[in-house]
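**Q** okay, here's the prediction I keep looking at, along with the sequence it came from:
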Amino acid sequence: MDPAGGCPHADNARLLARNAVASVVLPGDVEGMAVLGHDALKEFLAHPDVAKGAEHFAALRDGRIPDGWPLRTFATVQGMTTADDADHRRLRSLVSKAFTARRVEELRPRIETVTAQLLDGLDEAAAQGGGVADLRSHFALPLPMGVICELLGVDAEHQDRLHHLSNQVVSTSIGPKEAMAANRELVAVLGTVAATRAAHPGDDLTSALIAAREEDGDRLSQHELIGTLLLMIIAGHETTLNLITNAVRALCGHRDQLELVRSGRAAWSDVVEETLRWDSPVSFFPFRYPTRDLTVDGTLIPKGTPVLAGYSAAGRDPSAHGPDADRFDITRSGGARHLSLGHGPHYCLGSPLARMEATIALEQLFTRFPRLDLAIEEAELPRHASFVGNSVQELPVRPRG
């Protein structure tokens, strides 16, 4: 796996032409595997003999993974993404109350207001920048970051630093010292957030998690609390940030599809779903581990192997999506089937919120600036330095009415 990331689709197509499952070499020469095919990935994500707990990671358990390994946090953070069975159900139930359909719908007016305010800021930034502004930093980032921080009760003063640190955590190209420093600082910032909410509880998820008790009286441990906050911050804004960015890029490059929505022949939700399939916000997500030797689509995955979920590859798998799988088409027959929000017991808890944020963002953006377009060629956009996140580092646009 190239730690510098880049556009994954050409490499994915070459791998898929060979097999739905591939052997990969992770940073630090750690042997792993990736499940790329749609059907194979769907089977793997829901398989009862596949776990998320780090105790199943053979190389880590045997002491062969150094502390500064750039992907170590994905394996060792304590929270829903590394919990199995009863532990996973316990942690998920505590958080799920914040993401019920009713609770998410209650956020709609606030999201609409924040979106409109950010579009004013994008317009002002363009006026000061000769007609060009970075849509990613002025719009696609502060919307989901602001919403998730409001949900968690995180003060505004921490938001920029949390984004910077979470961006480093999902990077696969930084060195061991930088990775360890970013993790330490991120835990420290979240510890400050938790301490503030413990001393001054509010109507927010962090306060609720601190106060929550299971029937047997157990609370979240401090490690579980920090791990859960870390997960919510990263998953709650990085993925939606990439989703909005990728959708804008897709529509700017496919004006015929944009016209379908503007004319009422398709919905903004169709754009969101097709973007999730065609250019998944997450390319390869770490990790899952077979608890026994497992054969997936004819390929043996040995027990204890760290496995990447290849969402960007599965989204363009011709065997599942047809010979035109690499075409962006919001009117795709049967809708855009995809696994980009997961499948099985670890299906993305925040998917209704991510979908709402992206749909509102795109509708307001292109209603306000119907002639919005990229300020530089798509091929010149700098890509994420990671094979986990799938997007660009900036998106200079001309927001024109």
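**A** On my side now, so go ahead. Residues are numbered from 1 along each chain as shown.

**Q** helix or strand, whichever it is, which one in this structure has the lowest mean pLDDT?
**A** helix 159-170 (a mean of 80; mean pLDDT, DSSP states H and E).

**Q** for that helix, name the packing helices and strands.
**A** Where contact means 3 or more CB pairs under 8 Å, 6 or more residues apart in numbering; DSSP states H and E, helix 159-170 is packed against helix 142-152, helix 176-199, helix 222-253. C-beta coordinates here come from the backbone N, C-alpha and C atoms, glycine included.

**Q** that one to helix 142-152, inter-axis angle?
**A** 100 degrees (axes from the mean of the first three to the mean of the last three CA atoms, to 10 degrees).

**Q** quick one: residue 285 and residue 314 touch, right?
**A** No. With contact defined as CB atoms under 8 Å, residue 285 and residue 314 do not form a contacting pair (11.2 Å).

**Q** joint contacts of those two?
**A** Shared contacts of residue 285 and residue 314, defined by CB atoms under 8 Å, 6 or more residues apart in numbering, are absent.

**Q** those two: which has the busier surroundings?
**A** More crowded of residue 285 and residue 314, by other CB atoms under 10 Å: residue 314, with 29 against 23.

**Q** which element is the more buried one on?
**A** For residue 314, the element it lies in under DSSP states H and E is helix 311-315.

**Q** and that helix, average pLDDT?
**A** For helix 311-315, mean pLDDT rounds to 98.

**Q** what's the first helix or strand after that helix?
**A** Per DSSP H and E, the helix or strand that comes after helix 311-315 is helix 318-321.

**Q** now that next one: buried residues?
**A** Within helix 318-321, the residues that count as buried by 16 or more other CB atoms under 10 Å are 320-321.

**Q** list the buried residues for stretch 127-143?
**A** For stretch 127-143, the neighbour count (16+ other CB under 10 Å) marks 132-143 as buried.

**Q** can you name the two of the residues you listed that are farthest apart?
**A** Within the buried residues of stretch 127-143, 132 and 143 form the most distant pair, 19.8 Å apart (CB to CB).

**Q** contacts for stretch 21-37, please.
**A** Residues contacting stretch 21-37 (CB under 8 Å, 6+ apart): 1, 3, 12, 15-16, 19-20, 40-41, 44, 59, 64-66, 69-71, 172, 284, 287, 296-297, 299, 301, 305-310, 313-314, 317, 319-320.

**Q** now it: buried residues?
**A** Within stretch 21-37, the residues that count as buried by 16+ other CB under 10 Å are 21-22, 24, 26-28, 30, 32-37.

**Q** that older thread, the contacts of stretch 21-37, buried ones only, as a ChimeraX selection?
**A** Applied in ChimeraX, the following selects the buried portion of those according to 16+ other CB under 10 Å:
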select :1,3,12,15,16,20,40,41,44,59,65,69,70,71,172,284,287,296,301,305,306,307,308,309,310,313,314,317,320
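
**Q** got a list of what the spatially most central residue of the chain touches?
**A** The residue lying closest to the centre of the chain (CA atoms, centre = their mean) is residue 239, at 2.8 Å. Counting by CB under 8 Å, 6+ apart, residue 239 makes contact with 281-282, 348, 354.

**Q** distance to residue 252 and neighbour count for the residues you listed - can I get that in TSV?
**A** Below are the contacts of residue 239 laid out as TSV (distance: CB to CB, whole Å; neighbours: other CB atoms under 10 Å):
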residue	distance to residue 252	neighbour count
281	17	25
282	22	26
348	26	17
354	21	25
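
**Q** pick the one among those closest to residue 267.
**A** For those, the closest approach to residue 267 (CB to CB) belongs to residue 354, at 16.4 Å.

**Q** list the contacts for the closest one?
**A** Applying CB under 8 Å, 6+ apart, the residues contacting residue 354 are 144, 239-240, 243, 341, 348.

**Q** which stretches of this protein form strands?
**A** 21-26, 30-35, 50-51, 133-134, 284-290, 294-296, 299-301, 307-310, 373-374, 396-398 (DSSP state E).

**Q** mean confidence score for the last one?
**A** When you say that, I think you mean strand 396-398. 98.

**Q** who does it pair with, and is each partner parallel or antiparallel?
**A** With DSSP bridges as the test, strand 396-398 is paired with strand 133-134 (antiparallel), strand 373-374 (antiparallel).

**Q** next, give me the two most distant ones among the contacts of residue 239.
**A** Applying CB to CB across the contacts of residue 239, the maximum distance is between 282 and 354, 11.5 Å.

**Q** residue 107 contacts residue 353, doesn't it?
**A** Yes. With contact defined as CB under 8 Å, residue 107 counts as touching residue 353 (7.0 Å).

**Q** now the common contact residues for the two.
**A** Common neighbours of residue 107 and residue 353 (CB under 8 Å, 6+ apart) are residue 147.

**Q** end-to-end on stretch 49-59?
**A** End-to-end distance for stretch 49-59, by CA to CA, to the nearest Å: 18 Å.

**Q** give the buried residues for it.
**A** Neighbour counts over stretch 49-59 (16+ other CB under 10 Å) mark 50-54, 56-59 as buried.

**Q** distance to residue 261 and pLDDT for those residues - can I get that in a markdown table?
**A** Below are the buried residues of stretch 49-59 laid out as a markdown table (distance: CB to CB, whole Å; pLDDT from 0 to 100):
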| residue | distance to residue 261 | pLDDT |
| --- | --- | --- |
| 50 | 38 | 98 |
| 51 | 41 | 98 |
| 52 | 37 | 97 |
| 53 | 43 | 96 |
| 54 | 43 | 95 |
| 56 | 44 | 97 |
| 57 | 44 | 98 |
| 58 | 48 | 97 |
| 59 | 47 | 97 |
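
**Q** that's all I had, so thanks and see you.
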